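Enquirer: Need coordinates for the below:
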Amino acid sequence: MINQQKAASLIARRYAQAFIHCFSPLFSSDIIDTLHETSLVLEKQKKQFFFIDLFFMRTSEQKAVEKTIVEQLPPIPAMQQLVHLLMVDKRLALLPRVIKYVTQLLLQQQRIMPITIETFPELREQEKEQLISAFSRKIGYQLRPTFVVNKNLIAGIKMKSATLLWEQSIDQQLRKIQSIADI
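Expert: Below is the predicted model:
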């Protein structure tokens, strides 16, 4: 049996796919960046959307809430239609997930991968550029990196995206040794 979280994710993904099918020509690279930032903000506020779904509202109240939500969001094409659809379907709680999936699918269509690159010690600019260039060629995606200095790596590099994890560090080697010793 499918649990509620998986069901919600599947439904949100379907809304995202339909949204992209209808409106993807409207999304420039800048708008995709705005969508990504919006999804991060909405993820922190997702409980608020859940509670809005619980209340029975008259049409006038529903329109006022919908207008307030849309006004608080960045001006993204078709966002009002998406919020309206989710409100009518009593699935506004899915808005953060839908926006997250829309962003992921649009980036995937454009072969762009946001990636967090953790290193220790910190890389010089030239090293960062070489790393991004080489890894981008290897995986066939344009990378949108966020660099983080992580002293826990001891020495090395760790790259994470929504679908990828690659690490080469002393910390990783120590974890391997520890797991062998625990057997």
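Enquirer: how close does the closest residue to Ile112 other than its chain neighbours get to His21?
Expert: Counting by C-beta to C-beta, 6 or more residues apart in numbering, Ile112 lies nearest to Gln142, which is 4.9 Å off, once chain neighbours are set aside. Using the backbone N, CA and C atoms, a C-beta is placed for each residue, glycine as well. Separation of Gln142 from His21 (C-beta to C-beta, to the nearest Å) stands at 23 Å.
Enquirer: So the two - more neighbours on which side?
Expert: Gln142 (12 against 9; other C-beta atoms under 10 Å).
Enquirer: In contact with the residue nearest to Ile112, which residues?
Expert: For Gln142, the contacting residues are 110-113, 136, by C-beta atoms under 8 Å, 6 or more residues apart in numbering.
Enquirer: Drop anything exposed from those.
Expert: Neighbour-count burial (16 or more other C-beta atoms under 10 Å) applied to the contacts of Gln142 gives 112-113, 136.
Enquirer: where do the helices sit along this protein?
Expert: 4-23, 29-44, 46-54, 59-72, 79-88, 95-109, 125-139, 170-182 (DSSP state H).
Enquirer: Looking at those helices, which is nearest to Leu164?
Expert: Among the helices of the chain, helix 125-139 comes nearest to Leu164, with 7.5 Å by C-beta to C-beta.
Enquirer: This completes my enquiry, with thanks.
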